[in-house]
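Trainee: Turn this into a model:
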Amino acid sequence: MPPAGVSLRIAALAAGAALCACNPLAPSGGAGSGGLPSAQLDSQIAAAVGDPSTCVLVADAATGKELYRYGEHFNCDRELPACDAATPMNAHEALKLAGAPGGRMASCNTLPDGSRTVGWAEGKVQSTTRNLIYSAVMEGQRALPGHEINARLYDAFQKAGL
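Mentor: Purely as a prediction, here's the structure:
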C-alpha cells in the first residue's frame, strides 16, 4: 500500500486529468485550434465584435468539428432566444445552421422591455485555403444585430488570414 502522501498526489492528478478531459477545445489562443491562427483571430475578433458576452465558434464545414472558440464557455453554452424559431439555442446548436445558403442572421429582444437584445450570425468563412463555417452570438444591452456581426466578422476573418 503506498504512503498517504502518494495516494493524495495520485488522486489530485486524476482529478486534474478529468477536468482537462471535459474541455474538448482549448481556450482561445491555445492548442486545439485546428491549425488556425488563434492569436490573430483573437485580436481581430476582439476588435470587431469583442464584448464580454460574445461567443464565436469556427468549425470545419465537412465534419462540423469545432476548431476555434472566442469567448468563455458560458457564452457559447448559454441558451438564448433563437429569434427565428420557437425554441432557444446556444452557439454550438446554431453552428448547424451555418451551412444554409446565405447563412443566418437574426436579432431580437431577450427581455420584454427591449433593454437587452441578442444577435446571431452563422455562415461560411470566406477562406481561400480552408472550408470553414462559423457561429457567433452576442447578448446584452449593446449587442450588435446579426447582420452587423456578420459584416464585422467577414472583415475580421480576412484580417486574421483565413
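Trainee: Which residue is the nearest non-sequential neighbour of Gly102?
Mentor: Ranked by Cβ to Cβ, 6 or more residues apart in numbering and with sequence neighbours excluded, the top spatial neighbour of Gly102 is Gly123, at 7.4 Å. Where C-beta positions appear, they are placed from N, C-alpha and C, glycine not excepted.
Trainee: In terms of helices and strands, where is the one you found?
Mentor: In the assignment (DSSP states H and E), Gly123 maps to strand 117-125.
Trainee: Mean confidence (pLDDT) on whatever helix or strand comes next after that strand, please.
Mentor: Proceeding N to C from strand 117-125, the next assigned helix or strand is strand 132-140, under DSSP H and E. For strand 132-140, mean pLDDT is 97.
Trainee: Strand 132-140 vs strand 117-125, what angle?
Mentor: Angle between the axes of strand 132-140 and strand 117-125 is 170 degrees (criterion: axes from the mean of the first three to the mean of the last three Cα atoms, to 10 degrees).
Trainee: Following strand 132-140 in sequence, what is the next regular element?
Mentor: helix 146-159.
Trainee: how about that following helix: buried residues?
Mentor: The neighbour-count check on helix 146-159 (16 or more other Cβ atoms under 10 Å) flags Gly146, Glu148, Ile149, Asn150, Ala151, Arg152, Leu153, Tyr154, Ala156, Phe157 as buried.
Trainee: quick one: pLDDT of the nearest residue in space to Asp77 that is not next to it in sequence?
Mentor: Residue nearest to Asp77 in three dimensions, not counting chain neighbours: Asn90, with 5.4 Å by Cβ to Cβ, 6+ apart. On pLDDT, Asn90 comes in at 98.
Trainee: what do you get for the one 5 residues further on?
Mentor: pLDDT recorded at Leu95 is 97.
Trainee: partner residues bridging Tyr70?
Mentor: For Tyr70, the beta-bridge partners are Val56 (DSSP bridges).
Trainee: Offset the numbering so it begins at 17, please.
Mentor: Sure thing, new numbering starts at 17, so read that last one as Tyr86.
Trainee: so it touches Leu57, yeah?
Mentor: Yes - between Tyr86 and Leu57 a contact is recorded at 6.7 Å, counting by Cβ atoms under 8 Å.
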